[in-house]
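In: sequence first, predicted model second:
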Number of protein chains: 2
Amino acid sequence: MSSGPLDELIGLLARLPGLGPRSARRAALALVQKRRVLLEPLAEAMTEVARTARECLICGNIGTSEQCDICSDPKRDGSTICVVESVADLWAMERAQVFRGRYHVMGGTLSALDGIGPEDLNLPRLADRIAQDGVTEVILALGATVDGQTTAHYIADMLADRGIPVTSLAQGVPVGGELDYLDDGTITAALSARRQMR
Amino acid sequence: MSSGPLDELIGLLARLPGLGPRSARRAALALVQKRRVLLEPLAEAMTEVARTARECLICGNIGTSEQCDICSDPKRDGSTICVVESVADLWAMERAQVFRGRYHVMGGTLSALDGIGPEDLNLPRLADRIAQDGVTEVILALGATVDGQTTAHYIADMLADRGIPVTSLAQGVPVGGELDYLDDGTITAALSARRQMR
């Protein structure tokens, strides 16, 4: 169908999340047709990321040195640690631009089905950080799923004797959400967590 | 949100067809997490394609030398030329594994709206090939769109005085298609091109 290197490129592109064989072909053609402005810069960017990207030794975020940008930023508040499942979730929190503390990336959630126990997660390092850093609050920003909530309870139990407040994100009606389209679980959670208006 | 090289990678990935900012972030994370098996091979494949890919001087297909694999394959029948809009369409024809002749990639269709005239397409080279190569049939495999059909008629007129049969792909009911879901134009075309069963 085409030449060797191009076939290999298509095969690799098809393994990216969100791309299948068909869209990988389209992407490969676009790359060849935009060689100077897209293909060459992308090849260079990938080589650069492959060379420099590494996991932060403190929080598990991805950066270019032993400490990520957030852990080494003196303006971030080290006394508040936000625990997230994945780097993708950390990025989602950062996009909201509302949290100014530091993070801790678990690398997954506890899951009986998938056989993921506490020892598979980045949990010991979290206990170490809390022991050392003068932490005053741990915010659990885990998914509102069974596994996410199981993990949240496990961490809350683990930290129970440290005397540090452990909080979790509120559950309720999402901003812009209409009640008519909400599932029962969300409505139940929003009702039971209702707030006094005045 | 993240480090410089990673941001640049996400920005470039988001410019691929089929990927937006959100899926580009997912793809970038997958790349970083699969560095050895995906990121590094992909960077190498892109560098290799950027170095070697070029347009075939004869037909306009993409290959790694002055003549593409199809034009230089002695087993392909040089007397039949299939005219296609784009390299993507050439690949689609090749996937069907039914055509054993050679191709001619136009690089687009005539389009009054987009201001694309005959001089913007790979047309002179087609006339040259037909004059030289002992071509016995030209098959127009252009899209069943207004622009595609306009282009087909233009080429048929251009080649009218060469005494070579110019054919085009049949229009009709697609294989697996149900009449109930077909548009009127397709049913009209299929009816007017109906065939004697015996």
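Out: Thanks, I have the structure now. Numbers count the residues shown, from 1 in each chain, chains lettered A, B, ... in the order given.
In: mind splitting chain A into its structural domains?
Out: A:5-52, A:74-196 (automatic domain parsing).
In: give me the number of residues near residue A:118?
Out: By other C-beta atoms under 10 Å in any protein chain shown, 12 other residues sit near residue A:118. For the C-beta atoms, the positions are set from N, CA and C on the backbone; glycine is no exception.
In: my read is that it contacts residue A:110, right?
Out: Yes. Using C-beta atoms under 8 Å, residue A:118 is in contact with residue A:110, at 6.6 Å.
In: common neighbours of these two, please.
Out: Counting by C-beta atoms under 8 Å, 6 or more residues apart in numbering or on different chains, the shared contacts of residue A:118 and residue A:110 are residue A:154.
In: any chance of the domains of chain A in TSV, plus distance to chain B and mean pLDDT?
Out: Output for these, formatted as TSV (distance: least, C-beta to the nearest C-beta, whole Å; pLDDT from 0 to 100):
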stretch	distance to chain B	mean pLDDT
domain A:5-52	4	92
domain A:74-196	5	90
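In: in chain A, which strand has the most residues?
Out: strand A:77-84 (DSSP state E).
In: partner strands of that one, with direction?
Out: Paired with strand A:77-84 in the same sheet, following DSSP bridges, are strand A:101-105 (parallel), strand A:137-141 (parallel).
In: pick the most buried one from these.
Out: Burial of the strands paired with strand A:77-84 is given as mean neighbour count (mean count of other C-beta atoms under 10 Å in any protein chain shown); strand A:101-105 ranks first at a mean of 24.
In: that one: what's the following helix or strand?
Out: Going down the chain from strand A:101-105, the next helix or strand is helix A:123-132, by DSSP states H and E.
In: got the CA positions of the longest strand of chain A in PDB?
Out: The C-alpha coordinates for strand A:77-84 follow below in PDB (Å, rounded to 0.1, in the frame of the first residue of the first chain):
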ATOM      1  CA  ASP A  77       1.800  26.100  49.400                       C
ATOM      2  CA  GLY A  78       3.600  23.000  50.600                       C
ATOM      3  CA  SER A  79       1.300  22.600  53.600                       C
ATOM      4  CA  THR A  80      -1.700  21.400  51.500                       C
ATOM      5  CA  ILE A  81      -1.400  18.200  49.500                       C
ATOM      6  CA  CYS A  82      -4.000  17.300  46.900                       C
ATOM      7  CA  VAL A  83      -4.000  13.500  46.200                       C
ATOM      8  CA  VAL A  84      -5.000  12.600  42.600                       C
END
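In: now do the buried residues in it.
Out: Judged by neighbour count (16 or more other C-beta atoms under 10 Å in any protein chain shown), strand A:77-84 contains these buried residues: A:78, A:80-84.
In: list the contacts of it.
Out: With contacts defined as C-beta under 8 Å, 6+ apart, strand A:77-84 is touched by A:90, A:93, A:99-106, A:126, A:129-130, A:133-142, A:155.
In: from the chain's centre, how far out does that strand sit?
Out: Relative to its chain's centre, strand A:77-84 lies at 14 Å (C-alpha atoms, centre = their mean, to the nearest Å).
In: ok, back up a step: export the strands paired with strand A:77-84 to a markdown table and tack on distance to residue A:26?
Out: Shown next, in a markdown table, are the strands paired with strand A:77-84 (distance: least, C-beta to C-beta, whole Å):
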| stretch | distance to residue A:26 |
| --- | --- |
| strand A:101-105 | 33 |
| strand A:137-141 | 36 |
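In: got the contact list for residue A:164?
Out: A:130, A:135-138.
In: from residue A:78, how far off is residue A:140?
Out: Noted for residue A:140: a distance of 18 Å to residue A:78, by C-beta to C-beta, to the nearest Å.
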